[in-house]
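In: the sequence and its predicted three-dimensional model are supplied below.
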Amino acid sequence: MHVRYIAWLQTVPESPKLKKAERGAMLQPQSRIEAMGERADELEYPPCDAPHVIRYLFDVGPITFSGMGAVPLSHTEIDAWQRNTGIELSAWEAGMLRDLSKVYIGMSEDAKHPSCPPPWTPVPVEERVRQVDVAKRVKDALRG
């Protein structure tokens, strides 16, 4: 979920078709996170079980390009990154990097649509407290 959310934030949504005159006056398109400006510092991210793998993904680069556009990281690129950095990945970490690269590309494609909802939204503190309270009441009722 963490990588999907970052991909959604970093994607520039496609704008509706504009006339040439209007396009010339437009500013450079911005990603969602750039459009947030200073509010981006206040963002919450989804929980992550392997933050070191996420760091590695963005160190390698979450995607690469071919003649057909964005493609997932290859095992060759992951291997070259390991040799260049001196970091030895386990088999599951290397596989996870490749899988997360695929997830990033998929979400980036979906996120190009301006109406694409974020894949994750933080639960407000009040809602978390309410969920814990409801769970406690259910447990108490079942015990009683």
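Out: Done, it's in.

In: look up how far V103 lies from the spatially most central residue of the chain.
Out: Among the residues of the chain, I6 comes closest to the average C-alpha position under CA atoms, centre = their mean, at 2.5 Å. Separation of I6 from V103 (CB to CB, to the nearest Å): 10 Å. Heads up, the C-betas are built off the backbone N, CA and C, glycines and all.

In: kindly report the same for A35.
Out: With the distance defined as CB to CB, A35 ends up 23 Å from V103.

In: try P118
Out: Counting by CB to CB - P118 and V103 are separated by 15 Å.

In: who has more neighbours, the two?
Out: The neighbour comparison of P118 against V103 (other CB atoms under 10 Å) goes to V103, with 19 against 13.

In: what's around the nearest residue to that one once chain neighbours are set aside, how many residues?
Out: If you skip the residues right next to it in sequence, V103 has V3 as its closest partner in space, 5.2 Å away by CB to CB, 6 or more residues apart in numbering. For V3, the number of neighbouring residues by other CB under 10 Å comes to 23.

In: which element is V3 on?
Out: Using DSSP states H and E, the element containing V3 is helix 2-10.

In: what is that helix packed up against?
Out: In terms of contact count using 3 or more CB pairs under 8 Å, 6 or more residues apart in numbering; DSSP states H and E, helix 2-10 is assigned the packing partners helix 32-36, helix 51-60, helix 91-111.

In: so which of those is the most surrounded?
Out: helix 91-111 (a mean of 18; mean count of other CB atoms under 10 Å).

In: just the residues contacting that one, thanks.
Out: Residues lying outside helix 91-111 but in contact with it, judged by CB atoms under 8 Å, 6 or more residues apart in numbering, are 3-4, 6-8, 10-11, 13, 32, 50, 53-54, 56-57, 60, 62-63, 70-75, 78, 82, 89, 116, 119.
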